[in-house]
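Here's my sequence, what's the structure:
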Amino acid sequence: MVNLDHHRARLAEYGKEGRFDSRVLELPHMHNDGLQVLVTGGVVGFILWAAALGAPLAFFFRALRDGTRAPQFAVALGGAMVVLGYVGFGLTEVIFWSMKGSLFYALMVFLLMGFCLNAKEKIG
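This is a model prediction of the structure:
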């Protein structure tokens, strides 16, 4: 587990200066996936997190562009929506904080990638 003492101390300073409400210190996390990853994992963690979202999104967008038939297009669209949903909701909540949220993301992305590849194989 990452030690957040330095982070909390800096937030306490900002709270004393009046930059924001000090009640922010009562929250267990940052309420933004990207910011949470930067605080706990640094730049390397942020790059890995962004790749975990960007690589599947690129895969699904490429499948959308290549998929002229309905089965592959539908599955690729569903996969893109899962990834974009996590990106969008991650702006206001730390979704990957929960193991359930992380496992659901991985399961859905891998299943939809497999379905997409299977549909492409059957078409081609």
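
in stretch 93-112, what's buried?
93-97, 101, 105, 108-109, 112 (16 or more other CB atoms under 10 Å). All C-beta atoms are positioned from the backbone trio N, CA, C, and that covers glycine.

Nearest to Ala58 among the residues you listed?
Val109 (12.0 Å; CB to CB).

Which of the residues in the lowest-mean-pLDDT helix or strand in the chain are classified as buried?
Lowest by mean pLDDT, DSSP states H and E among the helices and strands of the chain is helix 5-17, with a mean of 73. Neighbour counts using 16+ other CB under 10 Å place Leu11 of helix 5-17 among the buried residues.

and that helix, how far out from the chain's middle?
Relative to its parent chain, helix 5-17 has a centroid offset of 26 Å by CA atoms, centre = their mean, to the nearest Å.

Give me the angle between the next helix or strand after that helix and helix 5-17.
Using DSSP states H and E, the helix or strand that follows helix 5-17 in sequence is helix 33-66. Orientation check (axes from the mean of the first three to the mean of the last three CA atoms, to 10 degrees): helix 33-66 against helix 5-17 gives 110 degrees.
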